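A.B. asks: My questions concern the predicted model and sequence given below.
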Amino acid sequence: MAEELMQQLRSKATELLLREEWNESVLAYSQFISLCQDHLQKTRDLLQPDPDDLSRLHKSLCLALSNRAEARSRLREFAQALQDCDQALKIESAHFKTLLCKGKILMSLNRYAMALDCFRAAQLDPQSCGSSESLNGYLEKCKKLEFLARTGAFDISDWIASRFQGKPPELAEYIGPVQIRKSEISGRGLFATKNIDAGTLLFATKAIAIERSILGGGELNENAQLVMWKNFIDQVNNSASKCPKTRNLIGKLSSGEDEFDLEVPDISLFRPETEEDGTSSCFDEKLDANRVLSILDVNSLVEDGVSSKVLGKNSDYYGIGLWILACFINHSCVPNARRLHVGDHVLVHASRDVKAGEEVTFAYFDVLSPLGKRKEMSKSWGFDCDCKRCNFEEGVFSRQEMREIEMGIERGMEAGGVVYRLEEGMRRWMVRGKEKGYLRASFWAAFYEAYSSEKSAKRWGRRIPPADSVVDSVAEAVGSDGRVLKVLLERLKKSGGVVEAEKALKLGRGLYGKVMKKQAMKTLLDLLVMHEQKAIS
Ligand SMILES: C[S@@+](CC[C@H](N)C(=O)[O-])C[C@H]1O[C@@H](n2cnc3c(N)ncnc32)[C@H](O)[C@@H]1O
């Protein structure tokens, strides 16, 4: 009787699995597994259990656990799916299907080294011959990702060479020379553990959740943004409910209050290989819905896709996401890092040379803007920026002459005139070195306009500084930026020059990172100029 019921349940579960009805299939397998375990226990309790019966039941149980793992992995319930795999492998340590399933789950969780062990073990199973093609495919992909996760040696050259056609390249999660420490800016921050040169990848991480949409203008836009925000919150909650580790990590993020008291998590916690540490049990009490909202408010980032940005495609495109490790980076108006979005990954690299022990910062908003505008933007982020540039500029912007320059801009003063007055002012106020770069960055719009127009360049001639020295000082102060690089590229196009070409490549590395070969970088820089020209015309 029990045998018959088991047979029926097994057929039903298999059918549901084949029909890809994952939830129902999990339920049916769970019933079958429980019956099978009972039956196994009863058979074992017999005075003389039949070894064939035991072996048959073990096989059935192993296969059912393996199939339930497959269904659970399709539902992205990875933790439970892994438990099923481990139970199945306890019964049959070389079970091909289970090893393949476990390898795929571990790969989805970015635990490449462990996934490789599974695929290699599966290769030893004689059953693997029939499925060798897909197994070899996974094995090769996993080897590549394991190498990337270990070395951070990403290369997106081919994708750029194809003008971002097709899917973005497959990337791994990687953590480079950084650690989390208490920050003098606020709460915790990310710090360099060694000297790093511009373009070096600091880390790459995949989003916990991303919600993307094409938004139109007006009221519709506002409604669509609300819907997006709601979907995004649902996605985050969904990820958190399915993975205790994700839940635990989200719980470590700032909700914007009492940042000074927040614990400083060890960077190893963010490595995909690190198992859940058990603290999640007390976690649910802390992570209520309001807290999730505050956490997302403080930590979510707008996606800045390199492909759409460079090609100027889909200007209405909007994506919002949560990239956990990036959440520990504080803002500075003199940032030393940038982010590059490729697919669902964010790659954070140094945008200029960074010293060991220096805090890694990126810009939450446009830092090529004057102090007043930056203060507004920082307020809307819920903090008052207290960086050295803001502190320095507080003093300078209170000068009467500075106010006159700002008023001149409002009244439509010619860009060359603004630049001239600012440069003259800096000479009189004895502003030197980096601080010159700060103020030039604040008035970048005027510099940009002055250098972009032939008429202005002719009119102001030597009374305004040469563009390349301004580009150098702004890049040194605030790191690489597409608009700054563009001025250099325009000059390069007109007058050539090896030094300028090298300088442009260095700025390009600061802007996009070292994740592409020289030729691909040149292609990207050409695309950048073409897009800017289109945007201007
Ligand atoms: C994404 S978190 C950055 C990491 C955060 N410090 C932590 O301990 O988790 C953003 C929050 O950090 C703080 N923050 C970031 N940059 C700041 C700055 N320049 N000045 C003051 N507070 C800043 C603000 O409270 C902001 O809401």
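C.D. replies: Arrived safely, thanks for sending. As the structure is a prediction and not an experimental result, all values here were calculated from the model.
A.B. asks: what about the strands in the stretch 101-250 of the chain?
C.D. replies: For the stretch 101-250 of the chain, applying DSSP state E, counting those that start in this stretch gives strands covering 174-175, 178-182, 188-192, 201-206, 209-214.
A.B. asks: Report how many residues lie close to Phe362.
C.D. replies: The local packing of Phe362 (other Cβ atoms under 10 Å) involves 22 other residues. Yep, even glycine has a C-beta here, placed from its N, CA and C like the rest.
A.B. asks: Over to Gly412?
C.D. replies: 7.
A.B. asks: Check the one 4 residues further on too.
C.D. replies: Neighbouring residues of Gly416 were enumerated by other Cβ under 10 Å; the total is 23.
A.B. asks: what about it, helix or strand, and which?
C.D. replies: Element membership of Gly416, judged by DSSP states H and E, is helix 415-428.
A.B. asks: is Tyr318 in a bridge, and if so with what?
C.D. replies: With DSSP bridges as the criterion, Tyr318 is bridged to Ser213.
A.B. asks: So for the residue in the stretch 401-537 of the chain positioned nearest to the ligand, what's the nearest residue that isn't a sequence neighbour?
C.D. replies: Among the residues of the stretch 401-537 of the chain, Val478 lies closest to the ligand, at 13.7 Å counting by Cβ to the nearest ligand atom. Counting by Cβ to Cβ, 6 or more residues apart in numbering, Val478 lies nearest to Ala441, which is 4.8 Å off, once chain neighbours are set aside.
A.B. asks: Next, the buried residues of the strand or helix carrying that neighbour.
C.D. replies: Ala441 is located in helix 433-442, with elements delineated by DSSP H and E. Buried residues in helix 433-442, counted by 16 or more other Cβ atoms under 10 Å: 435-442.
A.B. asks: now it: how far from the chain's centre is it?
C.D. replies: Helix 433-442 sits 30 Å away from the centroid of its parent chain (Cα atoms, centre = their mean, to the nearest Å).
A.B. asks: cool, and stretch 151-170?
C.D. replies: For stretch 151-170, the distance to the chain centre is 15 Å (Cα atoms, centre = their mean).
A.B. asks: Would you indicate which residues of it are buried?
C.D. replies: 152, 154, 156-157, 159-160, 164, 168-169.
A.B. asks: For His95, what are phi and psi?
C.D. replies: Backbone dihedrals for His95, given as degrees, to the nearest 10, come out at phi -60, psi 110.
A.B. asks: Next one, pLDDT for the residue in the stretch 51-200 of the chain positioned nearest to the ligand please.
C.D. replies: Residue of the stretch 51-200 of the chain nearest the ligand, by Cβ to the nearest ligand atom: Gly187 (2.5 Å). Here, the pLDDT recorded for Gly187 equals 95.
A.B. asks: pLDDT (mean, whole number) over the helix or strand harbouring Arg483?
C.D. replies: Using DSSP H and E, Arg483 sits in helix 482-495. The pLDDT scores in helix 482-495 average 85.
A.B. asks: and the angle from that helix to helix 433-442?
C.D. replies: If you take axes from the mean of the first three to the mean of the last three Cα atoms, to 10 degrees, helix 482-495 sits at 90 degrees to helix 433-442.
A.B. asks: can you pull the contacts of Ala13?
C.D. replies: 25, 28-29, 31-32, 64, 67 (Cβ atoms under 8 Å, 6 or more residues apart in numbering).
A.B. asks: name the element it belongs to?
C.D. replies: helix 2-18.
A.B. asks: So, low pLDDT: which residues of this protein?
C.D. replies: 1, 128-130, 216-220, 275-286, 305-316, 531-537 (pLDDT under 70).
A.B. asks: what does it put close to the ligand?
C.D. replies: Contact residues, the chain versus the ligand (Cβ under 6 Å from any ligand atom): 183, 185-189, 253-254, 256, 259, 262, 298-299, 327-328, 330-332, 382-383, 385-387.
A.B. asks: Swap in 5 Å and give it another go.
C.D. replies: Contact residues (Cβ under 5 Å from any ligand atom) of the chain with the ligand: 185-188, 254, 256, 259, 298-299, 327, 330-331, 383, 385.
A.B. asks: thinking again about what came up before, report the buried residues of the helix holding Arg483.
C.D. replies: 482, 484-492.
A.B. asks: swap in stretch 419-438?
C.D. replies: In stretch 419-438, counting by 16+ other Cβ under 10 Å, buried: 419-423, 425-426, 431, 435-438.
A.B. asks: List of residues touching it?
C.D. replies: Residues outside stretch 419-438 that contact it (Cβ under 8 Å, 6+ apart): 333-334, 389, 392-393, 396, 399, 401-402, 404-405, 408, 439-440, 443, 446-447, 450, 460, 463-465, 473-478.
A.B. asks: those helices in the stretch 201-350 of the chain, which residues are they?
C.D. replies: 218-242, 244-251, 283-286, 289-299, 306-311 (DSSP state H, counting those that start in this stretch).
A.B. asks: which residues are in contact with the longest one?
C.D. replies: The contact list for helix 218-242 (Cβ under 8 Å, 6+ apart) reads 75-79, 208-211, 213, 215-216, 246-247, 250, 287, 292-293, 296, 300, 318, 320-322.
A.B. asks: The closest residue in space to Val346 that isn't next to it in sequence: what's it in contact with?
C.D. replies: Of all residues not flanking Val346 in the chain, Trp323 sits nearest, at 4.5 Å (Cβ to Cβ, 6+ apart). Trp323 sits next to 205-208, 301, 346 when contact means Cβ under 8 Å, 6+ apart.
A.B. asks: ok, those vs Asn110, which is closest?
C.D. replies: Lys206 (6.9 Å; Cβ to Cβ).
A.B. asks: And the residue most central in space within the chain, how far from Gly437?
C.D. replies: For the chain, the residue nearest the mean C-alpha position is Val346 (2.3 Å; Cα atoms, centre = their mean). Val346 is 27 Å from Gly437, where distance means Cβ to Cβ, to the nearest Å.
A.B. asks: for the nearest residue to Met402 once chain neighbours are set aside, helix, strand, or coil?
C.D. replies: Excluding the flanking residues, the one nearest Met402 by Cβ to Cβ, 6+ apart is Val396, at 5.9 Å. Of the three states, Val396 takes helix under DSSP: H, G, I helix; E, B strand; the rest coil.
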